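Enquirer: From the sequence below, what's the structure:
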Amino acid sequence: MYLSKDIIREGNPLLKQKCKDVSLPLNEEDLNILKGLYEYVIISSIEQLVEQYKIRPGVGIAAPQVGVLKRMFAINFNDFLDENNKRYSMAIINPTIIKKSDDLVYLPGGEGCLSVDRNTGELITPRHYEITFKAHIYDFNTNKLKSTTMTLSGYPAIVFQHEYDHLDGILFTDKMYPNLDASPLYEIDDSETQE
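Expert: Next comes the predicted model:
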């Protein structure tokens, strides 16, 4: 599992580079990187383990944040249920966003990032309310890789876009505005959410 010391910070040139596709089938090295990312988001959602490992909570982490320029990331929403009562916990490889809604939203109070330590104040980052993506998702329960197409909306879509941007060398701080023609997303209390 990755720890806070393993996460590179804003200013590191690796965070500004585009990532390469992951070769499939997964080799052992790539699988271990993906597993480390996935473990981080799972463990960082459990308060006792956050204290034990002294890590920052996060709902997502991308490979470039640990210095690996490959197109993979993990997301986990332990406390979030969508309108279909679905929880999201995914290890994602080679994603491509194939459709975006015209509606723009943002998180009130702004986004957070495990690689950004500074307070960004009231600046906001616009995101598409709904996206459809294609990707490979690795299931650590079955140890199988599955190709899928999925649509996300609201908070899961925002987090997906945040992590997806990391794969293209973009930080949320590169897309901040003092105001814009978008609606606040009120579905969650994001006051303690990182990334």
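Enquirer: So what does Ser115 have for phi and psi?
Expert: Ser115 adopts backbone torsions of phi -100, psi 0, taken as degrees, to the nearest 10.
Enquirer: neighbours around Leu24, how many?
Expert: 12 (other Cβ atoms under 10 Å). For glycine as for every other residue, the C-beta is placed from the backbone atoms N, C-alpha and C.
Enquirer: wait, doesn't it sit right on His136?
Expert: Yes. The pair Leu24 / His136 is scored as a contact, 6.7 Å apart, by Cβ atoms under 8 Å.
Enquirer: hey, what's in contact with both of the two?
Expert: 93-94, 145 (Cβ atoms under 8 Å, 6 or more residues apart in numbering).
Enquirer: Most neighbours among these, please name it.
Expert: Among the shared contacts of Leu24 and His136, Ile93 has the most neighbours (other Cβ under 10 Å), with 23 neighbours.
Enquirer: Quick check: closest non-adjacent residue to that residue.
Expert: Computed as Cβ to Cβ, 6 or more residues apart in numbering, the closest residue to Ile93 that is not its neighbour in sequence is His136, at 4.2 Å.
Enquirer: For Asp168, give me its contacts.
Expert: Residues near Asp168 by Cβ under 8 Å, 6+ apart: 18-19.
Enquirer: Identify the residues contacting the lengthiest helix in the chain?
Expert: Secondary structure of the chain read by DSSP state H shows that its longest helix is helix 28-43. Applying Cβ under 8 Å, 6+ apart, the contact partners of helix 28-43 are 1-2, 22-23, 26, 49-50, 53, 55, 58-63, 66, 68, 70, 72-76, 78, 89, 91, 93, 138, 140.
Enquirer: cool, and stretch 10-17?
Expert: Stretch 10-17 is contacted from outside by 8, 64-65, 67, 69, 113, 115-118, 166, 169, 171, 173, using Cβ under 8 Å, 6+ apart.
Enquirer: which pair in the residues you listed spans the largest distance?
Expert: Between any two of the contacts of stretch 10-17, the greatest separation by Cβ to Cβ is 23.7 Å, found for Leu69 and Arg118.
Enquirer: Between these two, tell me which one has more neighbours.
Expert: Leu69 (14 against 9).
Enquirer: do you know how far the more buried one is from Asn94?
Expert: Separation of Leu69 from Asn94 (Cβ to Cβ, to the nearest Å) stands at 13 Å.
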